[in-house]
Every structure is written in C-alpha cells, then in structure tokens.
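**Q** Sequence first, predicted coordinates after that:
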Amino acid sequence: MGHLLSKNGYRLKKRPRKLHHRKKKKRNCFLQGPCMLCFIVHSNSSLDDDNNHLETSVNGSGCRHNSITGISVPGVGGVGIGAVAASKLAERYATLASPEDCSKFLLSPRELSLWEGQGKSLLSAVPAKLFPPPALFRTAGVSVTVPIPVPVPGCASDYTEMVCKRKCSEVQRCTPCKQPRCAFAAPDGGLENGGVGGGGGEAASNSETGHCHLPLCPLPSSSTSSSSASSSSSSSSPADGCCGLGLHADLPHSSDSSPCCLHHYDDCQARSSDAADHLSINHLPSSILLKVLSHLTVKERCLCASLVCKYWRDLCLDFQFWKQIDLSGLQQVNDDLLVKIASRRQNVTEINISDCRGVHDHGVSSLASHCPGLQKYTAYRCKQLGDTSLSALATHCPLLVKVHVGNQDKLTDDALKKLGEHCSELKDIHLGQCYSITDEGMVALARGCPKLQRLYLQENKLVTDRSVQAVAENCPELQFVGFMGCPVTSQGVIHLTALRNLSVLDLRHISELNNETVMEVVRKCRDLSSLNLCLNWSINDRCVEIIAKEGRSLKELYLVSCKITDHALIAIGQYSSTIETVDAGWCKDITDQGATQIAQSSKSLRYLGLMRCDKVNEETVERLVVQYPHIVFSTVMQDCKRTLERAYQMGWSPNTSNTS
C-alpha cells in the first residue's frame, strides 16, 4: 500500500515549511514492515485541533494502525487537482470519525482510478497549506522540513535519516569503530530482524575511514512487507533507498535490499588485510630491525637471517654489523674470506679470529692493509700465525688499543718491537703462552706503549724480573697485571708498588714469592680490589691477616692451595669489612670452626670456596646454608645441587634425559 500511495511521488515539488514542535503522543503500530501509510497516519496534523483519535482496521495491504492521533499529509505544491478540490478533499477527510470511513475514503477504487487516470497520486492532491510536513528527516540534530521522501536535486545534505515512527522501533546507528562491522546488535544481544537496512551516501563517504555512519532502520520480517519492498524496488522511481522508501537519487546507493554493512564488507576485509600486512616485522624502522639483528651472531646472520629475503640480506650487510666481526670458532674462515671482508668493508674496528685454523699471515696482513682503523684484534690459539701478521697490524693499524694473541708459539720479540714503534695507543695486551717472547721484546713494548693499562702473561718462561721492572717504570697507568707461572721473584714484584692505579693483581704460581712482598704491595696499592695468590705455598696465616687489615679496597681474595688454617679465615671475618669473595679450596687445614666463624663474623662475605677442604663436614655446610642464605658455599655437594636446580629450571628431567 505504501508503494501504491507513493507512486509518482518524485514529481512533487519541495515546499519547506517551519515545523511546529508538538509533544508526540504515544501510539502503537503492529505493522510488520514500513509503508507510506505509516508516515501519513502517524504524523501530527495542524487540522487536528480537537485531538481526534482515529483507528484503522486491517486494510488490503496488511497494515493495521491503532491509536492514531491526527492525520498528516505532507504538503506539496499545487500540481494536479486544483486548490479548491484539494480543500474539499481535506474537509471531507477531516470529518471522518470511524476507521472504516477513513479506510474507505483513502482506498476508494473510484477515487484511486480517477487520480491515477489523471497521472496524479493521492498525496499530490492535498495542498501544503493545510497539512504541515512531518519531521521525518534530521541532520545532526536539526529538523529539516521536506514534503515527502522524493529525490530533490541539490538537497543530498539535508536528508540523512528516514525511519518509520513505530513504537519501540528505535534505530541503532553504527558507532565509529576500528574493526569492520556487518550488523548491529539488538537490545537482547542478537541481530534485529536479521540485520540492518541498505546504506546511503554517508556510508559511501565513510567507507574509506572504516566507520559506518548509515541511516538505517530494521528490515521487514513479514512476507507482506518484503513483497512491498520488492515492488518498490522494481518500480519506476529513480531513487530506491532504505526500507523501500525513496531516498535521493544523487546518493550512491544500489537498489538491492542487502544490509548496509554488507555493502562495505569487502572494503572492510581489504582494509583488515592491509592492516595485517602492516603488522609484519618488515614494517618496523630499519634502525629497530638492525638492533634486533645485532643480537645474532655472525654465523646466524650470514647463514640464517640473510637468507630470509633481499631486505634482510641488505640489513645483514649493514656496515654496523661489519665493524665488530666475531669469527671465532668458525673453521670455514680462511684467507680468502678475510680478503673479501677487507676489500668490501674497510671500516672494521674489531675482529676476533680465535680458533680459526684456516687463517694465515697472508689473510691477516691483507685485512690490516685495508682496515687502518682497526682497534681490537683477538687471535687466541692461532698457532699458525707468526710475526708477519702482527707486524702488519702494527704497521697499518696505529690505532690499535687491544691485542690478544695468546698461545701463539711462532710469535717473537720482533712483533712486540713493531707494536712498541707504531702503536703508542695500545692499552690492553695478552701474551699468555707465547713461549718465544723474552725480556727484550717486553722492554721494547713497555717503552713504546706508555698508556698500557692491562698486561697479562702466562707461563712465559723467558720473561723475568727485568720485564716486570720495565713495565712498572714505563706504564704508570697499569690497572691489571698478571704474571701467572712466569719465572719472576719477589725482587721483581716489589716494583709493582709504584703502580698507584693497580686494582687487579694475579700472582698465581710464583715460585719465589714471600709474604713480606705481598704485604708491601697491599699496603702501597690502596686501590687493589682483587688479589690472586693461588698455588703459592709460602702464603701463611700472618700474611692473610695483614692483607685483611691493610686491604681497605680489597673485595676478592683467592687462596687456593695456600698454607693457611682456620686462623686466616677468622682474621678475614674479624678485620675486613670489604672482602666479599674468599676461595680457600684445597686448603687441607681448614675445618668446621674456620668456616663457621667467618660466616658469623663477616658482614660483607658473599662467597666462600671450600672445595676439597676435607676437614669441613657436609652437615656443617648444610647448616650454614640454612643460617646464612646470603652466602654461597662452594663444595662438591653444594655445587652439584645448584647445577641440578638450574637444570630443573631449564626444563630438564631425568626421564627425558634417559629417553634421549
């Protein structure tokens, strides 16, 4: 019926009128779907001064209207029937008192055939001055006066919403949301009438922003309303819209009756897939990706990360990764690889080729000639290297500050002389187990490198007290000194008292070291924080007592296999307030008394090594562990327990180990 009454409604002209705001009266509508008759009978009328209540029965189109207050026909221009005939028509309609008369008047076959024969509609016969327009269209909360829902050029911005004014039929709008929505929830949590109606121009305008602001109302659920909507969509009206009611022809809306959000479902899915693409790790800034890749080793970057894609390969070739190169333990590294690295990456500042048995002097020399900015060179246990490689480094890389070449049998004094001549910035050198080095090379090195801060020698059998004296006199900035297993004596060690910045002193296995020399070094070197006296049988309880009293900055004291008893441990606990680590392993005279009293009296102790102290009972250690949980006690049993605890924390279990 709505379609029948609204036929040819697009010919009507717009005549805006001011809206008379009146308090709407309650009404009930059992209509299953919206039709034009709803808008006719549900609107307030200016002629209804006496508040006439009309009721309509079920008409031919299946519409039933109860408790209808007033009659309102949208005003139109004077086209078709004349003003006089329209006035008479309105007067006749106003006098109707029963629903039967009202329906007969509106649905009279004679009147309909007469008007349709003339090409006019029922609504076009009523003048606008008799019936004010209903407030059916709203834009941003402002009521706009329009005649009927017909396409009017240039008025697309005036109408944004048109709904059926039925009781309890509230329109739920789409709220701005980040994710695409294809339906609106009803108050009970489900979808009202299975979805929402078709979209409009506003939806099209917002389809790119991801928000759905659509003028919607529930779809009809009955067959009658569905047939009405289908007939409306198949009519000759140029503007098909929401709920079968004509919207503006200039709005980009299709004539199908699918839900509004389904019109934009594909677009939403496309935007969602685009958003998922943006979550890829490759969309991170390159600086962050470089930071992530920096936690990988060279092997992992070259053999794994660089094979992911071209972008990652380029990142793995970034110069930052090739400034500090760690190739230690890679047996595939050879001279050709070093030559390629040197030719392509001339900004290398640090390289580690420890345990690379395929590297020879030629490769290192090529690297040195192409990388003059090299500062740190590490090559432990590369027995195939000799003086040629280290001399080339000293000649081409004057900025060297660190040289660790331990366990190189072919290294001689010639390489040390080159370092002393060209590398005045050298601060850290490790020459352990380089058995061909003598005092001549050490003296040349000490004189040419006055900024030396760390010097470590281990089992260099040709280094004597002369080297110790040369180092103490020419390198006043020395902080770390180690002469483990070197044939030096107390006459050479006493020269170390001139080093005021000395903090770490390693005097392990010095054959001719007496207590007086050690005590004098502790008294003079006030910054000494770590002292290693392991494997020196000359160190006794008296020496340890003086160390505890005089070592005001001492934090670590290693006394493994020294000739000490419980009195040494008791003195440490009584006189020292700074010592945190004491290792008295393999001291056969240590008993339960010494271990207990140092744990009770020392306020700073955090580690006590009692490995293979056979006179210390395990029950005593267990009791001390409970009483002093802040102290780590090292015994065979305690170390095994800690190892098992770490294994369990990492997920190890005996069952899985047996099956594996």
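**A** Right, received. Where do you want to start? Numbers count the residues shown, from 1 in each chain.

**Q** Give the rounded mean pLDDT of stretch 648-658.
**A** Averaged across stretch 648-658, pLDDT comes to 77.

**Q** Revised request: answer the last question for stretch 580-587.
**A** On average, stretch 580-587 scores 96.

**Q** what does it rub up against?
**A** Applying C-beta atoms under 8 Å, 6 or more residues apart in numbering, the external contacts of stretch 580-587 come out as 534, 555-565, 568-569, 572, 590, 598, 604-613, 634. Any C-beta I mention is one placed from the backbone N, CA and C, and that applies to glycine too.

**Q** Select only the buried ones of those in ChimeraX?
**A** Here is the ChimeraX command that picks out the buried ones among those, judged by 16 or more other C-beta atoms under 10 Å:
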select :534,555,556,557,558,559,560,561,562,563,564,565,568,569,572,590,598,605,608,609,610,611,613,634
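
**Q** Which of the contacts of stretch 580-587 fall within strands?
**A** 556-558, 607-609, 634 (DSSP state E).

**Q** Out of those, flag the one nearest to Ala415.
**A** The shortest approach to Ala415 among these belongs to Tyr558, at 31.8 Å (C-beta to C-beta).

**Q** any idea how far Lys615 is from the closest one?
**A** 20 Å (C-beta to C-beta, to the nearest Å).

**Q** With Cys382 instead?
**A** From Cys382 to Lys615 the distance is 45 Å (C-beta to C-beta).

**Q** between those two, who's got more neighbours?
**A** Neighbour totals were compared for Cys382 and Lys615, and Cys382 leads with 25 against 15 (other C-beta atoms under 10 Å).

**Q** and the more buried one, what element?
**A** Using DSSP states H and E, Cys382 maps to neither a helix nor a strand.

**Q** Same check on the one 3 residues further on?
**A** Secondary structure from DSSP H and E places Leu385 outside every helix and strand.

**Q** residues near it, how many?
**A** 23.

**Q** Repeat that for Val292.
**A** Val292: 12 neighbours (other C-beta under 10 Å).

**Q** Now Glu421. Nearest residue, chain neighbours left out?
**A** Nearest residue to Glu421, sequence neighbours excluded (C-beta to C-beta, 6 or more residues apart in numbering): Gly448, at 5.9 Å.

**Q** for the closest residue to Gln433 other than its chain neighbours, phi and psi?
**A** Spatially, and ignoring its direct neighbours in sequence, Gln433 is nearest to Asn407 (4.4 Å; C-beta to C-beta, 6+ apart). The phi/psi pair for Asn407 (degrees, to the nearest 10) reads phi 60, psi 50.

**Q** Report pLDDT for the residue nearest to Glu421.
**A** At Gly448, pLDDT is 96.

**Q** cool, and Thr69?
**A** Reported pLDDT for Thr69: 39.

**Q** repeat for Leu307
**A** The model reports Leu307 with a pLDDT of 88.

**Q** which residues touch Glu545?
**A** 567-568, 571, 575.

**Q** My error: substitute Gln375 in the last question.
**A** Contacts of Gln375 by C-beta under 8 Å, 6+ apart are 349-350, 397, 399-402.

**Q** repeat for Cys371
**A** Contacts of Cys371 (C-beta under 8 Å, 6+ apart): 342, 345-349, 396-397.

**Q** Swap in 10 Å and give it another go.
**A** With contacts defined as C-beta atoms under 10 Å, 6 or more residues apart in numbering, Cys371 is in contact with 323, 325, 341-342, 345-349, 351, 393, 396-397.

**Q** between those, which is nearest Asn540?
**A** Closest to Asn540, out of all of the contacts of Cys371 and judged by C-beta to C-beta, is Leu393, at 45.3 Å.

**Q** Name the nearest residue to the closest one, ignoring sequence neighbours.
**A** Ala368 (4.6 Å).

**Q** and the gap between that neighbour and Ala392?
**A** For Ala368, the distance to Ala392 equals 4 Å [C-beta to C-beta].

**Q** Between the two, point out the one with more neighbours.
**A** Ala368 (25 against 20).

**Q** name the element that one belongs to?
**A** Judged by DSSP H and E, Ala368 forms part of helix 361-370.

**Q** Likewise for Ser436?
**A** Short version, using DSSP H and E: Ser436 is in no helix or strand.

**Q** who touches the residue nearest to Leu393 in this structure?
**A** By C-beta under 10 Å, 6+ apart, the contact set of Ala368 is 338, 342, 348, 351, 374, 377, 389-397, 400.

**Q** where's the dip in pLDDT among these?
**A** Ala342 (81).

**Q** any idea how far the nearest residue to it once chain neighbours are set aside is from Val348?
**A** With sequence-adjacent residues excluded and distances taken as C-beta to C-beta, 6+ apart, Ala342 is closest to His370, at 3.6 Å. Distance, His370 to Val348, using C-beta to C-beta: 8 Å.
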